[in-house]
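[1] make a model of this:
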Amino acid sequence: MNFKNSKIFSIIEKSIKNIEKDSSAIIGTKLKIADCSSEKYCWFLRLYNKSGHYLDMHFDNNFTKGKRYTYVLNLYTSECNSSHFISKSKNKMNIFRSNTGNGVVYNGSSVKHAISTQTTNCTRISLIIPLYENYKLSILGSIRAHARNITYKLLGL
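    Predicted structure coming up:
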């Protein structure tokens, strides 16, 4: 089957262009979605469906010469969902309620962020998409990416 001529491919291609356009407008600079043919860890889904599922405070990896932004789209959240996006700026915690269809775009390299703990029998499914100002790897970035890939391979990730 030739997916390039399929209706599904057309919908995905249009969605990608809208994500780039809308995110660029929000940030105020032209952004491009990560090239999944060359980036090992590109788009991915996160499932928070068990009591205690969470992500601790962290920054996102950025191996490029430009800024890396992250777009998080909540594909599905149950009514009892307690898994929400949290960012920290100075001494202030910001909580962004995670509801189906809403999302957030942020500079994951400089914004410390986390996901709050999920409740029993509740679900949140999110799509995570990296966006870049300049996708070209820096020298230090390529060394760090190589080290990460070796580490992940050794750990079986």
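
[2] tell me how far the most centrally placed residue in the chain lies from Asn49.
    Geometric centre of the chain, nearest residue: Ile128, 2.9 Å, by C-alpha atoms, centre = their mean. Distance, Ile128 to Asn49, by C-beta to C-beta, to the nearest Å: 16 Å. Quick note: C-beta positions are derived from backbone N, CA and C, even for glycine.

[3] which parts of this protein are strands?
    If DSSP state E is used as the criterion, the strands of the chain fall at 32-33, 44-48, 55-58, 68-77, 85-89, 92-96, 103-106, 112-115, 124-132.

[4] quick one: distance of the third one to the chain centre.
    Averaged C-alpha coordinates place strand 55-58 at 13 Å from its chain's average position (C-alpha atoms, centre = their mean, to the nearest Å).

[5] what strands line up against it, and which way round?
    Strand pairing for strand 55-58, determined by DSSP bridges: strand 112-115 (antiparallel).

[6] now the fourth one
    According to DSSP bridges, strand 68-77 forms sheet pairs with strand 103-106 (antiparallel), strand 124-132 (antiparallel).
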